[in-house]
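Participant: fold the following.
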Amino acid sequence: MCKPCWRQVSYDTQQEVYFTVNKRGPDCDRTWAPWWRAQTKAIAEVAEKAHPDWDSTAYLEKEMAFADTLEKKE
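Facilitator: Prediction:
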């Protein structure tokens, strides 16, 4: 995410992204699920500010379902 967009992300979500990014393993597996959720929230926050009429519900559901799939990966 570029700096101007990152500045639009709430402090709590930024902290969540920072906290989870280093917990990812080398492969896209269950270790990526917390980070996937955090970055999804960050993207949705910025998109909603840029496009106030955009409903993020479908995007969030799809991406959170993917994070659920990652959690089930062994």
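
Participant: what about the lengthiest helix in the chain, average pLDDT?
Facilitator: In the chain, taking DSSP state H as the definition, the longest helix is helix 33-50. Per-residue pLDDT over helix 33-50 has a mean of 97.

Participant: what residues sit buried inside the next helix or strand along the chain from it?
Facilitator: Where DSSP states H and E defines the elements, the next helix or strand beyond helix 33-50 is helix 57-72. Neighbour-count burial for helix 57-72 flags 63, 67, 70 (criterion: 16 or more other Cβ atoms under 10 Å). All C-beta atoms are positioned from the backbone trio N, CA, C, and that covers glycine.

Participant: in a markdown table, list the residues you listed along with distance to residue 45 and pLDDT.
Facilitator: What follows is the buried residues of helix 57-72, written out as a markdown table (distance: Cβ to Cβ, whole Å; pLDDT from 0 to 100):
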| residue | distance to residue 45 | pLDDT |
| --- | --- | --- |
| 63 | 13 | 97 |
| 67 | 17 | 96 |
| 70 | 21 | 95 |
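
Participant: nearest to residue 13 among those?
Facilitator: Proximity of these to residue 13 (Cβ to Cβ) peaks at residue 63, which lies at 13.8 Å.

Participant: what residues are up against the nearest residue to that closest one once chain neighbours are set aside?
Facilitator: Leaving out its chain neighbours, the residue that sits closest to residue 63 by Cβ to Cβ, 6 or more residues apart in numbering is residue 40, at 4.0 Å. Listed by Cβ atoms under 8 Å, 6 or more residues apart in numbering, the contact partners of residue 40 are 59-60, 63-64, 67.
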